[in-house]
Structure formats: C-alpha cells, structure tokens
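**Q** sequence and computational prediction follow.
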Amino acid sequence: MSGHSKWANIKNKKGKTDAARGNLFTKIGKELQIAVKAGGPNPDANSKLKDVIAKAKAANMPNDNIMRSIKRASGEGANEVIEEIVYEGYGPAGVAIIAECATDNRNRTGAEVRHVFDKFGGNLGTPGCVSFMFDQKGIIVIENDGDKSEDEVMMDALDAGAQDFSADEDVFEIETTPGDFSAVREALEAKGYNFLEADVRMVPQSYVKLTDEAQLEQIEKLIDGLEDNDDVMNVYHNWEE
C-alpha cells in the first residue's frame, strides 16, 4: 500500500474496483507463500506467516484464498522460486519512492519497474538512495466505531507495548517498532480488536508537497503504474497526497 497509513489513503484503497481488490489478494497470496517457504505452514510456529494472515484478514481476503496460498507454498507449486527485490528511485520534484517486489523473473520485473519510472518523469536509483528517508514501523489501524473510547483504546495499545498512538474521527492508529509489531497485534487481537490495516511498512520522515499540475498528474500515474504491476507488492513514497 502506498504512502503513509492515514485514513485518507485507506479510504482511497477501499474505493478501488473489484479488479484492483483481486490484484491486492494476488499480492498478499505471494506474501503468504514467501512466509511459508521461510518458516513453514504452521502460523503458531511461524510469526511472519501469522502477521501476513492478519494483513490478509484486514484486507478482507477470503479464508479460502488464504488457505490455498499456504497449501500451494507447502505442497503443489512449492518448487516455484519467488525472489524479493526492493527498487528505489525518485519521482517528479524529487519525491522518494520505494517499490518492494516479489518475482519469479528478476529481469522482467526490473525492466517493468524502470519503464514506469521513465514513462512518468521519474528516475530509478541505486539501492539505498532513498530508503534512509524512511523508518520501518509497525502500523495497526482500528476503526473508530464508537464501541470504545479513545482513552480505552490508547491504554490497551500502550499496555500491549505500542510506541505511539493517534486518533481521528474515523480511526485509531497504533504505531510499534518492527520487533514489537507481532506481540502488540496479538495482544490487541486477544482483546477482541479487528483491524482495518496491520502491517510493517516504511514510513517517510518528511513529506514533499507538489503544486504543479503536470507533476501531480505524473506522480499519480507513476504510483498507480507501480501498484498495478503484479510483481510490485508495496509502494512507499513521501508525496503529501
């Protein structure tokens, strides 16, 4: 998912078409396969798999799809090699962009990612060229449905080990260190919370605001072009949307 995790971004994602939702499920399916191959098909013994399952459920991915991806990675299709690659670069006006990919063909994916950058006014850079502008954080988003007060949710989050907490009229957003993410998520699950988002991601340290109409059009098309690619799992950027 692109950018930072404020509710405006989430609402944009929820408004996408069924085709885009199917694309998201395909990508999460790849994440499930990678997690299974790294630590086995039992989520009780594989914390990474448990985290990806939580992400899948937050995205409303059907349980049948989740189980099918896990079975594929541990049985049929287990010999398929999926490589994780991170591409970094710049968009119009120096917007920093990170594209996390999972692919069975590095050359194809690299060429496709470069093409999107080139086509929409960006430049694909070298590893590490923009990642220093981001911090890795665990982000958990809970709907503010009025069932619990802000103080109750904040105390539950902090008691679980959260690093930070914020709220608006739509959601509660909980921030953790990457190492504490699983424990915080599981503690909140045990208290009966359901998540709109639950993931470890790259969060920009500062944001770039664009005012030029041509640049705005280019950055939107660049990010959409990356997100529409089946091999691109996550897109992070520091454009202030």
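**A** Here it is on my side, so go on.
**Q** which elements pack onto whatever helix or strand Lys48 lives in?
**A** Lys48 belongs to helix 47-58 when assigned by DSSP states H and E. Contacts defined by 3 or more Cβ pairs under 8 Å, 6 or more residues apart in numbering; DSSP states H and E place helix 47-58 against helix 18-39, helix 63-74, helix 181-190, strand 197-204. (C-beta placed from N, C-alpha, C; glycine too.)
**Q** what's the angle from it to helix 18-39?
**A** Helix 47-58 runs at 170 degrees relative to helix 18-39, counting by axes from the mean of the first three to the mean of the last three Cα atoms, to 10 degrees.
**Q** what lies in contact with helix 47-58?
**A** 25, 28, 31-32, 35-36, 38-44, 65-66, 70, 141, 181-182, 185-186, 189, 194-200 (Cβ atoms under 8 Å, 6 or more residues apart in numbering).
**Q** list the buried ones in that helix?
**A** Across helix 47-58, burial judged by 16 or more other Cβ atoms under 10 Å covers 48-58.
**Q** the protein - how does it break down into domains?
**A** Listed domain ranges for the chain are 7-74, 83-132+205-237, 134-204 (source: automatic domain parsing).
**Q** turn those domains into JSON lines, including mean pLDDT.
**A** Formatted as JSON lines, the domains of the chain follow (pLDDT from 0 to 100):
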{"stretch": "domain 7-74", "mean pLDDT": "81"}
{"stretch": "domain 83-132+205-237", "mean pLDDT": "95"}
{"stretch": "domain 134-204", "mean pLDDT": "94"}
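**Q** may I have the top strand by length along the chain exported as CSV, CA atoms only?
**A** In the chain, assigned by DSSP state E, the strand with the most residues is strand 134-143. Extracted in CSV, the C-alpha atoms of strand 134-143 (Å, rounded to 0.1, in the frame of the first residue of the first chain):
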residue,chain,number,x,y,z
PHE,A,134,12.1,6.3,5.7
ASP,A,135,11.7,4.5,9.0
GLN,A,136,10.4,1.0,9.3
LYS,A,137,7.4,0.8,11.6
GLY,A,138,4.5,-1.5,12.5
ILE,A,139,1.2,0.2,11.8
ILE,A,140,-2.2,-1.1,13.1
VAL,A,141,-5.4,0.7,12.2
ILE,A,142,-8.6,0.2,14.1
GLU,A,143,-12.0,1.6,13.1
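**Q** helix or strand next in line after it, which one?
**A** helix 150-160.
**Q** pull out the buried residues from the helix or strand that comes right after that next one.
**A** Sequence-wise, the next helix or strand downstream of helix 150-160 (DSSP H and E) is strand 164-167. Buried residues in strand 164-167, counted by 16+ other Cβ under 10 Å: 165, 167.
**Q** what helices and strands are in contact with strand 164-167?
**A** Using 3+ Cβ pairs under 8 Å, 6+ apart, strand 164-167 sits against helix 150-160, strand 171-176.
**Q** please redo it, this time with the cut-off set to 10 Å
**A** Counting contacts by 3 or more Cβ pairs under 10 Å, 6 or more residues apart in numbering; DSSP states H and E, strand 164-167 packs against strand 134-143, helix 150-160, strand 171-176.
**Q** and that strand, which strands flank it?
**A** Take DSSP bridges as the rule and strand 164-167 pairs in its sheet with strand 171-176 (antiparallel).
**Q** so how far is the partner strand off the chain centroid?
**A** The chain centre lies 15 Å from the centre of strand 171-176; the measure is Cα atoms, centre = their mean, to the nearest Å.
**Q** can I have that strand written out in PDB, keeping just the CAs?
**A** Presented in PDB, the C-alpha positions along strand 171-176 are these (Å, rounded to 0.1, in the frame of the first residue of the first chain):
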ATOM      1  CA  VAL A 171      -9.800   5.500  13.100                       C
ATOM      2  CA  PHE A 172      -7.300   4.800  15.800                       C
ATOM      3  CA  GLU A 173      -3.800   4.400  14.500                       C
ATOM      4  CA  ILE A 174      -1.200   2.500  16.600                       C
ATOM      5  CA  GLU A 175       2.500   2.500  15.900                       C
ATOM      6  CA  THR A 176       5.000   0.000  17.000                       C
END
